[in-house]
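Asks: The sequence isn't on hand, but the structure is:
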Ligand code: DSN
């Protein structure tokens, strides 16, 4: 970053500060990861200079030889990874990808079933504060006391509400979804089926979780979570929806695609097609399981009963008598980054909820395994016990920093 250093010290210092934070900290935010140097290079490439409204072979501006090449690569690799009939790699991120789908297949006022936010769903699946909830008519479905989606209740709800779209997917749910049952219900009531696989796309690409793409009409994802690509979105769908999805993306919702980002997506999909990515995905599941088991031993309550993916939701208020916000802040002090999170039907506010959400993709990318998960669980327990002792937390922080230095972000 020689040029940046010379030209703009303020931004340079911020980048260096973030780099140090990432190197010396334990990243347990379930939706974060570390991209490879190759992905970073593609992101910082000259493609950022280029406008390319349209699609490969059908652009509105000249000079598209290489944008066509790189977008076609991203599409072909994504199709192969997820066995998709059609892929659009242009959505800028997950929320726009979802909005593009809604605008492609729904009319204002149409009914949609989505997972309730406090049961693990995402804001863009119909939370009242979002634009989509002002335009469309969402109803939330929930999990049962065993932490599973109650498919009988969902079927009843679907028969009653007669939705135009049924949406599966989540951002804080640690269990598997029965794709067959879900899509059968959608079929029975004549709804389009949609899955937002953003959180688990990397585990699907890595072949450790079932691929929803063959089951659902339309699947959306981000490319930066478990999939370990640049921040971005993508829509995969059956051929029948290809035209409406592409039109809804451009010119319907977005302008020029971010070609540097699409180049980086192509690189990340290329990485995800390698056997080493499957190894990473297998380790993510192993690490999450060990972390869950250790935390359980320390008396933390595991929401939804267990984890079957990369994330764990803990009810810290009802098992440890502290709020999610308190624990998030204490963990920040020891360089362990997590996010506070609501639990199902949480009576507490989202800014000071009962839970915290943990995820292991980033630490797995760094090379941490079962042994390291045990250590992380021990530190989380120590932070809980010493929540009011800045001195004790400072001591733990020094241990965490020393430990993290043994796991570089990139192999030098
Ligand atoms: N912010 C992402 C997450 O943390 O799950 C999803 O939007």
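Replies: Sure, I can see it. Just so we're clear, the structure is a prediction, and the values are computed from it rather than from any experiment.
Asks: make it CA atoms for all contacts and neighbour counts henceforth
Replies: Noted.
Asks: quick one: strands adjacent to whichever strand or helix holds residue 220?
Replies: Applying DSSP states H and E as the criterion places residue 220 in strand 218-222. Note on strand 218-222: by DSSP bridges, its sheet partners are strand 192-196 (parallel), strand 233-237 (antiparallel).
Asks: mind putting these in a markdown table, mean pLDDT included?
Replies: Below are the strands paired with strand 218-222 laid out as a markdown table (pLDDT from 0 to 100):
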| stretch | mean pLDDT |
| --- | --- |
| strand 192-196 | 98 |
| strand 233-237 | 98 |
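Asks: quick revisit: now find how far off-centre the strand holding residue 220 is within its chain.
Replies: Strand 218-222 sits 11 Å away from the centroid of its parent chain (C-alpha atoms, centre = their mean, to the nearest Å).
Asks: what about stretch 231-243, how long is it end to end?
Replies: 25 Å (C-alpha to C-alpha, to the nearest Å).
Asks: How about the top helix by length along the chain, which residues are buried there?
Replies: Determined from DSSP state H, the single longest helix within the chain is helix 275-297. Residues 277-278, 280-295 are the ones in helix 275-297 that count as buried (16 or more other C-alpha atoms under 10 Å).
Asks: next one: stretch 181-191
Replies: 182-186, 189-191.
Asks: From these, pick the one nearest residue 301.
Replies: Proximity of these to residue 301 (C-alpha to C-alpha) peaks at residue 182, which lies at 28.0 Å.
Asks: Show me where the stretch 51-200 of the chain has its strands.
Replies: Using DSSP state E, counting those that start in this stretch, the strands assigned to the stretch 51-200 of the chain run over residues 54-55, 58-59, 86-88, 111-115, 137-141, 165-169, 192-196.
Asks: now those strands as CSV including distance to residue 70 and mean neighbour count?
Replies: Below are the strands of the stretch 51-200 of the chain laid out as CSV (distance: least, C-alpha to C-alpha, whole Å; neighbours: other C-alpha atoms under 10 Å):
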stretch, distance to residue 70, mean neighbour count
strand 54-55, 11, 20
strand 58-59, 14, 13
strand 86-88, 13, 23
strand 111-115, 34, 25
strand 137-141, 37, 21
strand 165-169, 29, 25
strand 192-196, 25, 24
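Asks: that older thread, now the buried residues of stretch 181-191 as CSV including distance to residue 203 and pLDDT?
Replies: Converted to CSV, these look like this (distance: C-alpha to C-alpha, whole Å; pLDDT from 0 to 100):
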residue, distance to residue 203, pLDDT
182, 20, 98
183, 21, 98
184, 24, 98
185, 25, 98
186, 25, 98
189, 30, 98
190, 30, 98
191, 27, 98
